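Chemist: Below: sequence and its predicted model.
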Amino acid sequence: MVVTMTGQEPQFVVDVVVPDQGHGFHVSNMKLDELFFEARNAYVQHLGVEDLWHRDVTPQLKELLIRFESEAMPGQPLHSTVQVTSRSRRTFVMEQAISVVEDGGDRLVATCRSVHVSVSRSQGGAVEVDPVLWAAVERVEGRAIGIEVRA
């Protein structure tokens, strides 16, 4: 299991196996990006916030950075983790990792850092993170995540 910069193990883990497509190549970077996307969406769904995407304030992807560290081959068991690591009044940061499950520990394949901004449909811009959403995030994370003041 990959531990993020918070020093805590992620509480949300998706086990994945990419099927062999018969070409003998490693799992493509585009496929890893797709796995990150699917895990982020699974995390948000796991929060259990009713009608999240029909509310006035919704989280929107603002920034995404993926680092590819090593290869994974089709058929290898993978762990895909998601963790919310920090927040400001209007944004929060998700850190993700995909690792190959190997004897003796996991091997890091790729990491993803994404920034999500809370956007109000009625106001047309960034607003404070919905308290209902944030309470659900802290419940899943098992800890309080304080607001960081940004300069």
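Modeler: Received, thanks. Residues are numbered from 1 along each chain as shown.
Chemist: Can you list the strands that the longest strand anywhere in the chain pairs with?
Modeler: Ordering each strand of the chain by length in residues (DSSP state E) puts strand 105-120 first. According to DSSP bridges, strand 105-120 forms sheet pairs with strand 57-68 (antiparallel), strand 91-102 (antiparallel), strand 125-126 (antiparallel).
Chemist: Can you tell me which of the ones you listed is packed in deepest?
Modeler: strand 91-102 (a mean of 21; mean count of other C-beta atoms under 10 Å). Any C-beta I mention is one placed from the backbone N, CA and C, and that applies to glycine too.
Chemist: before we move on, back to that, just the CA atoms of the longest strand of the chain, as CSV, please.
Modeler: Extracted in CSV, the C-alpha atoms of strand 105-120 (Å, rounded to 0.1, in the frame of the first residue of the first chain):
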residue,chain,number,x,y,z
GLY,A,105,5.0,-5.3,-1.0
ASP,A,106,3.5,-3.2,-3.7
ARG,A,107,5.5,-1.6,-6.5
LEU,A,108,4.4,2.0,-7.5
VAL,A,109,3.3,2.3,-11.1
ALA,A,110,1.8,5.8,-11.2
THR,A,111,0.6,8.6,-9.1
CYS,A,112,-2.0,11.3,-9.7
ARG,A,113,-2.6,14.6,-7.9
SER,A,114,-5.8,16.4,-8.7
VAL,A,115,-7.2,19.7,-7.5
HIS,A,116,-11.0,20.1,-7.4
VAL,A,117,-12.8,23.4,-7.1
SER,A,118,-16.3,23.9,-5.8
VAL,A,119,-18.4,25.7,-8.5
SER,A,120,-21.8,27.2,-8.0
